[in-house]
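1. Predicted structure and sequence below. I'll ask about it afterward.
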Amino acid sequence: MNKSATPRSADEQIIELLRLRETSGMSLLYDKYSGALFGTIVRVVRSQEIAEEVLQDTFTKVWRNIESYDTSKGRLFTWLINIARNSAIDATRQKDFKRQNQPLENVVHTIDQQQNSTPNPETMDMRRLTEKLSPEYKDLVDLIYFQGYTQSEAAEELNIPLGTVKTRIRTAIIRLREFF
Amino acid sequence: MKIQEIIESGIIELYVMNALPEDEAVEVEALAIEHPEILLEIENVQNVLQLYAQAHAIEPHPGLKETVLKKIKAERILSPPSSSVSTSLSSSPPLSTKTPWITWLAAATSVIAIVLFFQNMNNKNALTNCTTENTKLVENQKVIVQLEHKLNILRSADTKVIDLKGLEIAPDAKVMVYWNANEKATLLSIQRLPTPHAGKQYQLWAIVDKKPVSAGVFTYDITAIHAMKEFDHAEAFAVTEEPVGGSVTPSLDKMYVLGNVL
């Protein structure tokens, strides 16, 4: 992290490589973001098999549409997670999609364990910190950010007014800022 | 609605999470172009949410990477490289620290040229989708106006160029501040700064009457000319690394660069 300044940020280098149609760009992108994107996709589709398909689909879309990424509208990750989330929601709308009845955290835990990957201590610390966020805030963030509910869908799901969705989401992000 | 009210309303958070209806999202984007505070808030929220998503990462099956790479290699044969415009922009030589004026001018001019180029492209393709394209043109226009304003500040004889030099913590670091008290403008460009630590962000401080006053946080974007808070009077400027969102008082042990106003 504390390496001295390179002429361009890692994201900018990745974007340039992708625009030049270099597969090395995709390799770097995958290494940097596949975990965070897969985590989001799993939370929407709740099935490892479908999540793997959606992840492939996400990276293919990124490869095809890198030209439409507009740096002025925000950082690379925000664009990526929007593509991943939308692809995952599309997958749940397929006719043969069967929603798992298990609670979300069980599914996430099971898939996480199966990967048998060495947990990154820094990431684990951060995750533990976010668990200090009280459920009324965490549930709302996860519903909207990970599962792609719109503000009105979230209001309906949690049975709270739209105004409360706005104020709660603001407070939630302020709390998260304190953690990170 | 006042800017601060918008920032505190929760709408920015929902925008970044892609949870707003289309018309409200377009409003936020228009506001972001007009008000740097809103743009900064969007960047801050994006940063926090990215860290949140990374904290909840699940590593996919190790073999999946090969599958993805194979897939796109198969596509690679079919699709040609993208236009040379974007590559010529990104492969332009690094900005010289000796002649920041000319190079910034050149960089900003080429940005305008590219914006105009895409604007022209848009015009050609707009027949089918006039409404959205029109919105884009207005946005581009706003970008150009902003860039022109920044250029005028850089050109002005009243603008003081303050060279912020690296301190012990990072002797090679270098930041330029362009401060114009008459035009009420403070611009900043990163020449060399280490990548900020996780959950941290750089913050500019003006030393006013020997006391540090925040000039705002800025993203680690070394190609941007960052618009910072305005000052009538300042003796020096300094940059510290602070938790994301900035601090009320500077962390003096995390001061990276400092420069006096001559």
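-> Alright, I've got the coordinates. Residues are numbered from 1 along each chain as shown, chains lettered A, B, ... in the order given.

2. What about the residue nearest to residue B:231 when sequence neighbours are not counted, how many residues nearby?
-> Excluding the flanking residues, the one nearest residue B:231 by CB to CB, 6 or more residues apart in numbering or on different chains is residue B:206, at 5.0 Å. C-beta here means a position set from N, CA and C on the backbone, and glycine is covered the same way. Using other CB atoms under 10 Å in any protein chain shown, the number of residues around residue B:206 comes to 23.

3. is it fair to say residue B:206 lies in a strand?
-> Yes - read with DSSP: H, G, I helix; E, B strand; the rest coil, residue B:206 is one of the residues of a strand.

4. neighbours of the residue in the stretch 151-262 of chain B that chain A sits nearest to, just the number please.
-> Ranking the residues of the stretch 151-262 of chain B by distance to chain A (CB to the nearest CB) places residue B:199 first, at 3.9 Å. The local packing of residue B:199 (other CB under 10 Å) involves 15 other residues.

5. List the single closest residue to it in space, sequence neighbours excluded.
-> Leaving aside its sequence neighbours, residue B:199 sits nearest to residue A:180 (CB to CB, 6+ apart; 3.9 Å).

6. Return the distance of the one you found relative to residue B:248.
-> Distance from residue A:180 to residue B:248, counting by CB to CB, to the nearest Å: 18 Å.

7. ditto for residue B:142
-> Distance, residue B:142 to residue B:248, by CB to CB: 32 Å.

8. what do you get for residue B:106?
-> Distance, residue B:106 to residue B:248, using CB to CB: 38 Å.

9. Looking at these two, which one has more neighbours?
-> A count of neighbours by other CB under 10 Å puts residue B:106 above the other of residue B:106 and residue B:248, at 13 against 7.

10. quick one: the strands in chain B?
-> Using DSSP state E, the strands of chain B run over residues B:160-166, B:174-180, B:185-192, B:200-208, B:211-218, B:226-228, B:236-243, B:255-260.

11. quick one: the third one to chain centroid distance?
-> Shown here is strand B:185-192, whose average C-alpha point lies 11 Å from the average C-alpha point of the whole chain (CA atoms, centre = their mean, to the nearest Å).

12. For residue B:242, grab the count of nearby residues.
-> 21.

13. Against residue B:185, how distant is the nearest residue to it once chain neighbours are set aside?
-> In space, residue B:242 comes closest to residue B:203 once its chain neighbours are excluded; the distance is 4.6 Å by CB to CB, 6+ apart. Noted for residue B:203: a distance of 18 Å to residue B:185, by CB to CB.

14. residues contacting residue A:71?
-> Applying CB atoms under 8 Å, 6 or more residues apart in numbering or on different chains, we find residue A:71 in contact with residue A:15.

15. again with the one 3 residues further on
-> Residue A:74 sits next to B:16, B:42-43, B:46 when contact means CB under 8 Å, 6+ apart.

16. Please apply the same query to residue A:112.
-> Per CB under 8 Å, 6+ apart, neighbours of residue A:112: residue B:58.

17. Wait, a helix at it?
-> Yes - assigned with three-state DSSP, residue A:112 falls within a helix.

18. Next one, pLDDT for residue 112 please.
-> Going with chain A. For residue A:112, the model assigns a pLDDT of 72.

19. Not quite, go with chain B.
-> In this model, residue B:112 is scored at 74, pLDDT.

20. again with residue B:61
-> pLDDT, residue B:61: 89.

21. which residue is nearest the centroid of chain A?
-> Geometric centre of chain A, nearest residue: residue A:40, 3.9 Å, by CA atoms, centre = their mean.

22. Show me what the top helix by length along chain A packs onto, helices and strands only.
-> Scanning chain A for the longest helix, with DSSP state H as the assignment, gives helix A:23-45. The contact analysis (3 or more CB pairs under 8 Å, 6 or more residues apart in numbering or on different chains; DSSP states H and E) places helix A:23-45 against helix A:10-19, helix A:48-65, helix A:76-92, helix A:104-114, helix B:36-55, helix B:64-76.

23. what's the closest of those helices to residue B:231?
-> When the helices and strands packed on helix A:23-45 are compared by CB to CB, helix B:36-55 sits nearest residue B:231, at 15.2 Å.

24. Determine how far the closest one lies from the middle of the whole chain.
-> The chain centre lies 12 Å from the centre of helix B:36-55; the measure is CA atoms, centre = their mean.

25. helices and strands around it, which ones?
-> Using 3+ CB pairs under 8 Å, 6+ apart: helix B:36-55 touches helix A:23-45, helix A:76-92, helix A:121-130, helix A:162-179, helix B:3-8, helix B:11-16, helix B:22-34, strand B:211-218.

26. Run through the stretch 101-250 of chain B and note the low-pLDDT ranges.
-> For the stretch 101-250 of chain B, residues meeting the criterion pLDDT under 70 lie at B:101-105, B:120-133.

27. again, only using 90
-> Applying pLDDT under 90 to the stretch 101-250 of chain B flags the ranges B:101-159, B:168, B:181-185, B:198-199, B:209-210, B:219-225, B:227, B:230-232, B:244-246, B:248.

28. got it, and chain A?
-> Residue ranges of chain A with pLDDT under 90: A:1-10, A:12, A:46-48, A:67-68, A:70-75, A:92-135, A:176-180.

29. returning to that earlier point: hmm, which two among the contacts of residue A:74 are most spread apart?
-> Greatest spatial distance in the contacts of residue A:74: B:16 and B:43, 9.2 Å, computed using CB to CB.

30. These two: which has the busier surroundings?
-> With neighbours defined as other CB under 10 Å, residue B:16 and residue B:43 compare such that residue B:16 has more, 28 against 21.

31. Just give the nearest non-adjacent residue to that one, would you?
-> Using CB to CB, 6+ apart and skipping the chain neighbours, the partner closest in space to residue B:16 is residue B:45 (4.6 Å).
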